[in-house]
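*Asks:* fold the following, please.
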Amino acid sequence: AEFLNYREMTDTKMIAAMKFLQILIAPSFFLTNQQYFPIIVTQMIQLMLLHGTCKESCVAMASLSFLLCEYEEFKASDHIGRKAVLLLKKLKAEEYHPPVCVLYFSGVRCWVTNMALSLDDFSHGYKMGMRIGDIESAMYNASCYLMNSFYSGRSLVHLKRELDNFERHMFEYKQIVQGKLASVIHQVVSNLVNSKDSLLLMISKNMEQEGILAQAIKDSNDQIICHIYISGGIEAYIFGRYELAADVVSKRREAEKKLQRKVFFYGMTDFYDGLIFLAMAHKIPDNKWGFLVNKAISNIKRFVQNGAANCEHRLLLLQAEAKSLLGNTKDASRGYDLAIAAAEKHGFIHEHAIANERAGDFFLRNGDPRASQYYGKAHALYLQWGAQGKADNLSKNIPF
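*Replies:* Numbering: from 1, shown residues only. So this is what the prediction gives:
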């Protein structure tokens, strides 16, 4: 309350400086100049504390919230993000609703609450951005909406229809980076939905996708490169192409070394990395896989403390898989059931399906007839998700 009653900025030069710095937030946050983001945010906060608040202070506060989130200061991040939203309303700064929405909800809110709960906020941010003419922020909200829709397990059939529209609009409005990111998700969704022999993103002959990756490498756009590898690695894992998935993870990690910010996606990247490393450990005895698995589990444990809704089932499944690898069959069996129940509770239907499939693998390896039950449930859940291509792939490769 004390902050919201802070004096208003009256110095026109300082207000002009805040407006100028606010313009720099978007390219420093989303594009290739990410090293400048903390500097710009710090400068805006300093001006605000010295000279008072103005409409641009909403963006400064939301940016600070995101910055704190990167350092996993989630409690402080959420507190400041909430203040940004309240300040937005107090100052009637409607024109800054879209960027504040992206910064706050794609940051801490998706860490401390179920990531699916922010979908309506991103949708609202998109619609408001389009209404007031802030196309850039509108499309950033749309991009967050599409990525979080996929990663939270929304219906692929519905998502595919939305991708058709959003991707077209992004390119029509010359939002090339967001359009390319949507194209990558679109390809993966199409492959999962496709009921024929599905083509994987990383080995597809789709020249458009090859062009996106090749152009991103040529332009040294490591953000797009990492997103392609994230989506491609997940898809390869889901379709059981573990060697390909591991190779993609290795490439992504090399690309991430050039980024100012690692892409965590609320524990999702560590989760799939861990699953991929565990799958490789089952195939190739090598201590390096165990080390990488332990690192992934350690990260997920830390994330669970701040947002169980996104990571509880992920941690339980990684732990069950690790126990299975070590031959601890009793605890592994119980762990799979706990992971399945948690994934169902939190509404991650795709990871609910994956947990059932991994349980089926475990029981099949141990000659337990319950394998058929878990494979059958996984198949039904993949169909419910809309992944006909994956369901057909499972039926083809695993008789149950």
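*Asks:* distance check, the residue nearest the centre of the chain against Arg370.
*Replies:* In the chain, the centroid-proximal residue (CA atoms, centre = their mean) is Phe265; its distance is 3.4 Å. Distance, Phe265 to Arg370, by CB to CB, to the nearest Å: 32 Å. Backbone N, C-alpha and C define where each C-beta goes, glycine included.
*Asks:* that older thread, nearest residue to the residue nearest to the centre of the chain other than its sequence neighbours?
*Replies:* Tyr151 (6.0 Å; CB to CB, 6 or more residues apart in numbering).
*Asks:* any idea of the pLDDT on the one you found?
*Replies:* The confidence metric pLDDT takes the value 96 at Tyr151.
*Asks:* what do you get for Val263?
*Replies:* With respect to pLDDT, Val263 scores 69.
*Asks:* distance-wise, check the closest residue in space to Met268 that isn't next to it in sequence relative to Cys144.
*Replies:* Distances taken as CB to CB, 6+ apart place Tyr151 nearest to Met268, at 5.4 Å, with adjacent residues excluded. The gap separating Tyr151 from Cys144 is 10 Å, by CB to CB.
*Asks:* cool, Ile23 as well?
*Replies:* With the distance defined as CB to CB, Ile23 ends up 20 Å from Cys144.
*Asks:* just Gly233 next, same as before
*Replies:* 20 Å.
*Asks:* export whichever strand or helix holds Lys377 as CSV, just CAs?
*Replies:* Taking DSSP states H and E as the criterion, Lys377 maps to helix 371-385. Taking C-alpha atoms only, helix 371-385 is exported to CSV below (Å, rounded to 0.1, in the frame of the first residue of the first chain):
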residue,chain,number,x,y,z
ALA,A,371,2.2,-53.9,-18.3
SER,A,372,-0.8,-54.3,-20.6
GLN,A,373,-3.0,-52.3,-18.3
TYR,A,374,-0.6,-49.3,-18.2
TYR,A,375,0.0,-49.3,-21.9
GLY,A,376,-3.8,-49.4,-22.5
LYS,A,377,-4.3,-46.4,-20.2
ALA,A,378,-1.4,-44.5,-21.9
HIS,A,379,-3.0,-45.2,-25.3
ALA,A,380,-6.3,-43.9,-24.2
LEU,A,381,-4.7,-40.7,-22.7
TYR,A,382,-2.7,-40.0,-25.9
LEU,A,383,-6.0,-40.2,-27.8
GLN,A,384,-7.7,-37.9,-25.3
TRP,A,385,-4.8,-35.4,-25.8
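*Asks:* same for the next helix or strand after that helix, what does it pack against?
*Replies:* Remark: after helix 371-385, the chain's next helix or strand is helix 388-397, criterion DSSP H and E. Contacting helix 388-397 under the criterion 3 or more CB pairs under 8 Å, 6 or more residues apart in numbering; DSSP states H and E are the following elements: helix 176-193, helix 371-385.
*Asks:* next, the buried residues of the shortest one.
*Replies:* Applying a neighbour-count criterion of 16 or more other CB atoms under 10 Å, one finds 371, 374-375, 377-379, 381-382, 385 buried in helix 371-385.
*Asks:* likewise for stretch 55-74?
*Replies:* Quick answer for stretch 55-74 (16+ other CB under 10 Å): 55-70, 73-74.
*Asks:* pull the distance from stretch 355-364 to the chain's centre.
*Replies:* Distance of stretch 355-364 from the chain centroid (CA atoms, centre = their mean, to the nearest Å) equals 25 Å.
*Asks:* and that stretch, what's buried?
*Replies:* Neighbour-count burial for stretch 355-364 [16+ other CB under 10 Å]: 355-364.
*Asks:* for stretch 339-359, same thing?
*Replies:* Buried residues in stretch 339-359, defined by neighbour count with 16+ other CB under 10 Å: 339-340, 342-344, 346-359.
*Asks:* how many neighbours does Leu50 have?
*Replies:* 10 (other CB atoms under 10 Å).
*Asks:* so what touches the host helix or strand of it?
*Replies:* For Leu50, the host element (DSSP H and E) is helix 37-51. Residues outside helix 37-51 that contact it (CB atoms under 8 Å, 6 or more residues apart in numbering) are 9-11, 14, 17-18, 21-22, 24-25, 28-29, 54, 56-57, 59-61, 63-64, 67, 260.
*Asks:* report the distance from that helix to the chain centre.
*Replies:* Distance of helix 37-51 from its chain centroid, counting by CA atoms, centre = their mean, is 28 Å.
*Asks:* can you check stretch 170-183 too?
*Replies:* Worked out by CA atoms, centre = their mean, stretch 170-183 lies 18 Å from the chain centre.
*Asks:* how about it: buried residues?
*Replies:* For stretch 170-183, a neighbour-count test (16+ other CB under 10 Å) marks 170, 175, 177-183 as buried.
*Asks:* over to stretch 40-57?
*Replies:* Quick answer for stretch 40-57 (16+ other CB under 10 Å): 40-41, 44-45, 47-48, 51-57.
*Asks:* got it, and stretch 241-258?
*Replies:* 241-242, 244-249, 251-252, 255-256.
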